[in-house]
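Chemist: Show me how the following folds:
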Amino acid sequence: VPSGLDSDTGAVDPSCPFADATITLGYPKPGLFNFPGADRAGRVIIADIGIPPSLAENIKTELITEDWARAVLPKRPASANKGTFGRVLVVAGSINYIGAAYLACMGAARAGAGLVTLSTALSLQAILAAKLTEVTYASLPEAETGVIAAEAAPVLQQLAPGYQVLLVGCGLGQKAQVVEFIKSVLFGLPPHSAPTFVLDADALNTLAQISNWWQKLPQDAILTPHPGEMARLVHSSVEEVQRQRLEIARKSAVEWQKVVVLKGAYTVVAASDGRAAISQVANPGLASAGTGDVLTGVIAGLAAQGLSLYDAAVCGVYLHGQAAEMVRWEMGDAGMLASDLLPVLPKVIMKLKQGEVGL
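Modeler: Below is the predicted model:
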């Protein structure tokens, strides 16, 4: 590693040089994939020096690679029907965040889910249906225009058992009625009939207000916080979360017994058994509104197709990151939109199957 760079955390001494490339011996070092260390390392090249694989058996951290993602990518048998590829129920959107529902639904659809159903406030359905033509709908009662009412929870509780995955949170908002609705949905489903939860945004903000929430939430859940949401969940600062991304994600996943996807440059995925995987992508084009909604949808779509929660999260992060890289290669990163990722996702999946992606 560059002199003065902490190989575990990415912290740097002021005199640490800015390298064009870093050749790291044996295995990748976490500090090369966390800022500010990543800025000093430049392009990272991993050199095999003959370390026996048996010596690395207890290492629980790995980089997300093309080969890894290809190995877990859901199969698409010719005899399939839409039920083969799973059903995703998306609870998203509010009057000020209508687009979040669109992006999450399309992320799941473009990842290959067989059926995506959007459950949102009644007055938003007509607006979204003009764009989401391949999605089915289950409208919910409103507290006010475009805001889901607390009494909508029983509707969701009846619908949810018919789906493999329940995605909750994107663009719901934090009005009092919505918060009560979210609590009832997350904690009110019988464990034996609850689908896998994929939780983002306002679902996470709601959990952050509840002590020991992880003891009340069904175990099958993927949480997809950005650094601000993670800071609220662990009662820390964004700066501290960013300094210790890998450690905080791993510790939280083990304590909560959930899969945690800590979004950002070099996204970290952590499992409840202590495993963790780090994305090799740091694309500033993803630093724009809605890209996280797409990622949450992609992960939900993969989970619906039968991947384990950890595999769905890691594979989803890979596909999402590579879609962003393909868009950057074509048009640059300034002005990249979340919706630009959607038509590219199937191309990434195709190229991954053909061995033509890159990372």
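Chemist: which residues in the stretch 151-300 of the chain form strands?
Modeler: Assigned by DSSP state E, counting those that start in this stretch, the stretch 151-300 of the chain shows strands spanning 165-168, 196-199, 221-223, 259-262, 268-270, 276-278.
Chemist: Reformat those as JSON lines; add distance to residue 35.
Modeler: The way it works is simple: take the backbone N, C-alpha and C, and place the C-beta from them, glycine included. Listed next are the strands of the stretch 151-300 of the chain as JSON lines, based on distance: least, Cβ to Cβ, whole Å:
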{"stretch": "strand 165-168", "distance to residue 35": "29"}
{"stretch": "strand 196-199", "distance to residue 35": "26"}
{"stretch": "strand 221-223", "distance to residue 35": "22"}
{"stretch": "strand 259-262", "distance to residue 35": "13"}
{"stretch": "strand 268-270", "distance to residue 35": "13"}
{"stretch": "strand 276-278", "distance to residue 35": "13"}
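Chemist: now the ones you listed in TSV, with distance to residue 176, mean pLDDT and mean neighbour count?
Modeler: TSV is the format used below for the strands of the stretch 151-300 of the chain (distance: least, Cβ to Cβ, whole Å; pLDDT from 0 to 100; neighbours: other Cβ atoms under 10 Å):
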stretch	distance to residue 176	mean pLDDT	mean neighbour count
strand 165-168	17	98	30
strand 196-199	19	98	28
strand 221-223	23	98	26
strand 259-262	27	99	28
strand 268-270	32	99	30
strand 276-278	36	98	24
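Chemist: out of those strands, nearest to residue 24?
Modeler: strand 276-278 (13.4 Å; Cβ to Cβ).
Chemist: mind checking which of the strands of the stretch 151-300 of the chain is nearest residue 25?
Modeler: strand 276-278 (18.0 Å).
Chemist: for the closest one, packing partners?
Modeler: Here strand 276-278 touches strand 61-63, helix 245-256, strand 268-270, going by 3 or more Cβ pairs under 8 Å, 6 or more residues apart in numbering; DSSP states H and E.
Chemist: could you give me the average pLDDT of the second one?
Modeler: Which is helix 245-256. Mean pLDDT, helix 245-256: 98.
Chemist: State the distance from the closest residue in space to residue 80 that isn't next to it in sequence to residue 264.
Modeler: Closest residue to residue 80 in three dimensions, ignoring its sequence neighbours and counting by Cβ to Cβ, 6 or more residues apart in numbering: residue 114, at 8.0 Å. Between residue 114 and residue 264 the computed distance is 31 Å (Cβ to Cβ, to the nearest Å).
Chemist: isn't residue 272 right up against residue 251?
Modeler: No. Contact criterion Cβ atoms under 8 Å: residue 272 and residue 251 do not qualify, at 11.3 Å.
Chemist: Compare the two and say which is more crowded by neighbours.
Modeler: Shown here are residue 272 and residue 251; by other Cβ atoms under 10 Å, residue 272 has more neighbours (19 against 15).
Chemist: This structure: helices as residue ranges?
Modeler: Taking DSSP state H to define them, one finds helices in the chain at 37-41, 66-72, 98-110, 122-129, 153-159, 176-188, 201-207, 227-234, 238-243, 245-256, 291-304, 309-331, 338-341, 345-354.
Chemist: now, of the ones you listed, which is deepest in the fold?
Modeler: Mean neighbour count (mean count of other Cβ atoms under 10 Å) peaks for helix 291-304 among the helices of the chain, with a mean of 31.
Chemist: neighbours around residue 65, how many?
Modeler: Residue 65 has 14 nearby residues by other Cβ under 10 Å.
Chemist: same thing with residue 13?
Modeler: 12.
Chemist: So it is in contact with residue 2, correct?
Modeler: No. The pair residue 13 / residue 2 is not scored as a contact, 9.6 Å apart, by Cβ under 8 Å.
Chemist: Can you pull the domain assignment for the protein?
Modeler: 1-50, 69-354 (automatic domain parsing).
Chemist: how deep is residue 274 tucked in, by neighbour count?
Modeler: Residue 274: 12 neighbours (other Cβ under 10 Å).
Chemist: Residue 163 versus that one, what's the distance?
Modeler: Counting by Cβ to Cβ, the gap from residue 274 to residue 163 is 29 Å.
Chemist: So the residue nearest to residue 80 sits against residue 85, correct?
Modeler: Yes. Judged on Cβ under 8 Å, residue 114 makes contact with residue 85 at a distance of 3.4 Å.
Chemist: For the two, list the residues in contact with both.
Modeler: The overlap between the contact sets of residue 114 and residue 85 (Cβ atoms under 8 Å, 6 or more residues apart in numbering) consists of 304-305.
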